[in-house]
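Asker: Provided below are the primary sequence and the corresponding predicted coordinates.
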Protein chains: 2
Amino acid sequence: MVKNTGQPAYLQIADDLRAQIRGGSLAPGTPLPSTTKLAEQYDASLSVVKLAVGVLRTEGLVIGQQGKGVFVRAADELPLAPEVGDELAELRATVQDLAVRLAKVEEQLATSTTRRSGRSSR
Amino acid sequence: MVKNTGQPAYLQIADDLRAQIRGGSLAPGTPLPSTTKLAEQYDASLSVVKLAVGVLRTEGLVIGQQGKGVFVRAADELPLAPEVGDELAELRATVQDLAVRLAKVEEQLATSTTRRSGRSSR
DNA sequence: GTGAGCAACATAGTTAACCTAGTTGGCTCG
DNA sequence: CGAGCCAACTAGGTTAACTATGTTGCTCAC
């Protein structure tokens, strides 16, 4: 990991963890892997993992406890409707995908129209 | 500044900025001072200011634009709107529409470049 | 056996440095 | 005069090092 989609690494990791939480793969009350573990797991630096966890923390999805770990918050006290977060993550991914594809198209279009003559329309 | 309320510096700054936004002292659409200015203003390091702005960014209170500045979001679209679901649905529709249109464009582009010769360049 | 202390590991905060990338405005040169 | 380059400023991302602080379990001395 972490790929290449133009999405920053710490957001990718945050999205992934968020998806795992929303999806139940990380149940409420259970601790996330430690930051060093996550760093290895995602093949990222400690810093970006800390950033990712920080995002989830400010989102309220997760609560860090010094010396113990980072725990998934109980579903009852989750900040937003669970589906909203889900949809948001999905939408983010989709939008990112669209952005990348559009950029490619734009580039192709630019080079071809330049070569071919003026442009049509718009 | 900052402290020493036990509250970490970056949260104090984030809180202060949030208060200014909520209080109208920083109107929607207006840019925050640049990160370097904020760092001087709060007598903090660049790093903590960046963290503080990052918090507001993930909260959606503020939108950063590379090269220009960090702008206060319009009051209409400020967070915690109860009709978040509505906005989400709308966004979903828009994204779907974009995806379809983009797919068409990509297809046209692919066939035309293929037909006309090998692809060009780059 | 029990308690004190210590080592190892955990999150959290702070700072600094470096790099990327977008915007803007001014200056130079053709 | 205009086009294009360039310098200065902007936010954003990444990494690394250091510090602080809390938790837990082990060992060792008594």
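Answerer: Now that the structure is in, tell me what you want to look at.
Asker: only C-alpha atoms for contact and neighbour calcs from this point on.
Answerer: Fine.
Asker: for chain A, what spans make up the helices?
Answerer: A:9-22, A:35-41, A:46-59, A:82-116 (DSSP state H).
Asker: Only alpha carbons, please: show the second one as CSV.
Answerer: I take that to be helix A:35-41. Provided in CSV are the C-alpha atoms of helix A:35-41 (Å, rounded to 0.1, in the frame of the first residue of the first chain):
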residue,chain,number,x,y,z
THR,A,35,0.3,2.3,15.7
THR,A,36,3.5,0.3,15.0
LYS,A,37,1.4,-2.7,13.9
LEU,A,38,-0.7,-0.5,11.6
ALA,A,39,2.4,1.1,10.2
GLU,A,40,3.8,-2.3,9.2
GLN,A,41,0.4,-3.5,8.0
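Asker: re earlier: which of the helices of chain A has the lowest mean pLDDT?
Answerer: Of all these, helix A:82-116 carries the lowest average pLDDT, namely a mean of 56.
Asker: Enumerate the residues of chain A near DNA strand C.
Answerer: Contact residues (Cα under 7 Å from any atom of the strand) of chain A with DNA strand C: A:32-37, A:50, A:53-54, A:63-70.
Asker: hmm, which of those are the buried ones?
Answerer: When those are checked for burial by 16 or more other Cα atoms under 10 Å in any protein chain shown, the buried set is A:32, A:35, A:50, A:53-54, A:63-64, A:70.
Asker: closest to residue B:43 among these?
Answerer: residue A:54 (23.1 Å; Cα to Cα).
Asker: circling back to that earlier point, can you tell me which of the residues of chain A next to DNA strand C are up against DNA strand D?
Answerer: Of those, the ones that also sit near DNA strand D (Cα under 7 Å from any atom of the strand) are A:66-68.
Asker: Which member of those residues is positioned nearest residue B:22?
Answerer: Closest to residue B:22, out of all of those and judged by Cα to Cα, is residue A:66, at 31.3 Å.
Asker: Could I get the phi/psi values of the closest one?
Answerer: Taking degrees, to the nearest 10, you get phi -50, psi 130 for the backbone angles of residue A:66.
Asker: One more: residue A:43?
Answerer: Per degrees, to the nearest 10, the backbone of residue A:43 is at phi 50, psi 50.
Asker: Please work out how many residues are found near the residue nearest to residue A:46 when sequence neighbours are not counted.
Answerer: Nearest residue to residue A:46, sequence neighbours excluded (Cα to Cα, 6 or more residues apart in numbering or on different chains): residue A:39, at 5.5 Å. Using other Cα atoms under 10 Å in any protein chain shown, residue A:39 has 18 neighbouring residues.
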